[in-house]
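Chemist: predicted model and sequence follow; I will ask about them next.
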Amino acid sequence: SQQGEEDPQALSIQEGENATMNCSYKTSINNLQWYRQNSGRGLVHLILIRSNEREKHSGRLRVTLDTSKKSSSLLITASRAADTASYFCATAGGNTGFQKLVFGTGTRLLVSP
Amino acid sequence: NAGVTQTPKFQVLKTGQSMTLQCAQDMNHEYMSWYRQDPGMGLRLIHYSVGAGITDQGEVPNGYNVSRSTTEDFPLRLLSAAPSQTSVYFCASSYSPSGYNEQFFGPGTRLTVL
């Protein structure tokens, strides 16, 4: 069963705008990860945030985690056409089970020039 | 480093046929896993391994077998292909045996079962 649910399912923006996507999950976790998938390719790890962290930055990416609400958000600032991809959250540990990553259903982001 | 490699890239099978999807990594990672990705769904874990000789089931293991005789290789066998196994299959590896940390994914195998 899916642990994470991303929202929105699809997002269309112009280059230069910010993109925000959200992930909600159901059980306690050890960490939450975000991955990007370009069309027809494998997933690429973007960022990992542990359950005791509230915010993390990596370049133009900002991730927040609210364990009380069981939710996370990924913000991409100053989007570029190359950011067009699907983005997935994945949860690890806690009640999701040791040694397993459980993925959400993804957000499709389209960034137009 | 080649990272995680998968072969073949595409495969068409008839119902009832068997085949093996190959996965190899050259990063000396202990943890390896297989996922399937279906339209509108995220990745679902099929089987995983925390080291040579150790495998376990994931969320959707039925119809698939795995073995791990070396650290580098983790093949996925379809015993008797069914149309429900039409999917894109991804292999992944992680340096941490727990699988908690960053996973590195292969490019995927697109399988169609007629």
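Modeler: Yep, it's here. Numbers count the residues shown, from 1 in each chain, chains lettered A, B, ... in the order given.
Chemist: once you drop chain neighbours, what's closest to the spatially most central residue of chain B?
Modeler: Centroid check for chain B by C-alpha atoms, centre = their mean gives B:Trp34 as the closest residue, at 2.9 Å. Among residues not flanking B:Trp34 along the chain, B:Ile46 sits closest, at 4.4 Å (C-beta to C-beta, 6 or more residues apart in numbering or on different chains). In this view, the C-beta of every residue, glycine as well, is placed from N, C-alpha and C.
Chemist: so the one you found is in contact with B:Leu76, correct?
Modeler: Yes - at 6.9 Å, B:Ile46 and B:Leu76 qualify as touching, with contact defined as C-beta atoms under 8 Å.
Chemist: nearest residue to residue 12 other than its sequence neighbours?
Modeler: Using chain A. Nearest-residue entry for A:Ser12: A:Leu110, 4.6 Å, with adjacent residues in sequence omitted and distances by C-beta to C-beta, 6+ apart.
Chemist: let's do chain B instead
Modeler: Nearest to B:Val12 is B:Thr112, by C-beta to C-beta, 6+ apart, at 4.8 Å.
Chemist: so what touches the helix or strand where the one you found lies?
Modeler: In the assignment (DSSP states H and E), B:Thr112 maps to strand B:109-113. Residues outside strand B:109-113 that contact it (C-beta atoms under 8 Å, 6 or more residues apart in numbering or on different chains): B:6-15, B:21, B:78, B:81-89.
Chemist: ok, now with 6 Å
Modeler: B:Gln6, B:Phe10, B:Gln11, B:Val12, B:Leu13, B:Leu21, B:Ala81, B:Pro83, B:Gln85, B:Thr86, B:Val88, B:Tyr89 (C-beta atoms under 6 Å, 6 or more residues apart in numbering or on different chains).
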